[in-house]
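S.K.: Please work out how this folds:
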Amino acid sequence: TSEPLTPADAALFEALRIYRLERAREEGVPPYVVASDRTLRAIVELRPTDLDELTLAHGIGSSKARKYGPGLLAVVAANAK
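M.R.: Just a heads-up that it's a prediction; the model follows:
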């Protein structure tokens, strides 16, 4: 089981979920196609600052990094601790 999230981590996770939902609606796909909860939790743990770091997150390959990376990184930056 995963560790409980700190308030700062929970806020980032929620912000990432909102981004994921917006992108999914724009593209007409289910949210998990953009990123799974496991992927979002990995991003919260990693707090990547560039695309290379983002690809270390579970479920983020080069194509997802190119497609969603800038937006995901912007959410992380906007929710920096």
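
S.K.: Please report how far residue 54 lies from residue 7.
M.R.: 23 Å (CB to CB, to the nearest Å). From N, CA and C alone the C-beta is placed, and that goes for glycine too.

S.K.: Those two - which one has more neighbours?
M.R.: Shown here are residue 54 and residue 7; by other CB atoms under 10 Å, residue 54 has more neighbours (21 against 7).

S.K.: In contact with the more buried one, which residues?
M.R.: Under the criterion of CB atoms under 8 Å, 6 or more residues apart in numbering, the neighbours of residue 54 are 43, 46, 48, 60, 65, 69, 72, 73.

S.K.: what about the first one, how many neighbours?
M.R.: Residue crowding around residue 43 was assessed by other CB under 10 Å; the count is 25.

S.K.: Now tell me what touches the top helix by length along the chain from outside.
M.R.: When the chain is parsed with DSSP state H, its longest helix is helix 7-27. Helix 7-27 is contacted by residues 5, 30-31, 33-35, 40-41, 43-45, 47, 68, 71-72, 75-76, 78-79, 81 when judged by CB under 8 Å, 6+ apart.

S.K.: ok, of these, which come out buried?
M.R.: 31, 34-35, 40-41, 43-45, 47, 68, 72, 75-76, 79 (16 or more other CB atoms under 10 Å).

S.K.: Widest-spaced pair of the residues you listed?
M.R.: 31 and 47 (21.0 Å; CB to CB).

S.K.: Any stretches of the chain with poor pLDDT?
M.R.: 1-2, 81 (pLDDT under 70).

S.K.: And the helices in it?
M.R.: Counting by DSSP H, the chain has helices at residues 7-27, 31-34, 37-46, 51-54, 62-78.
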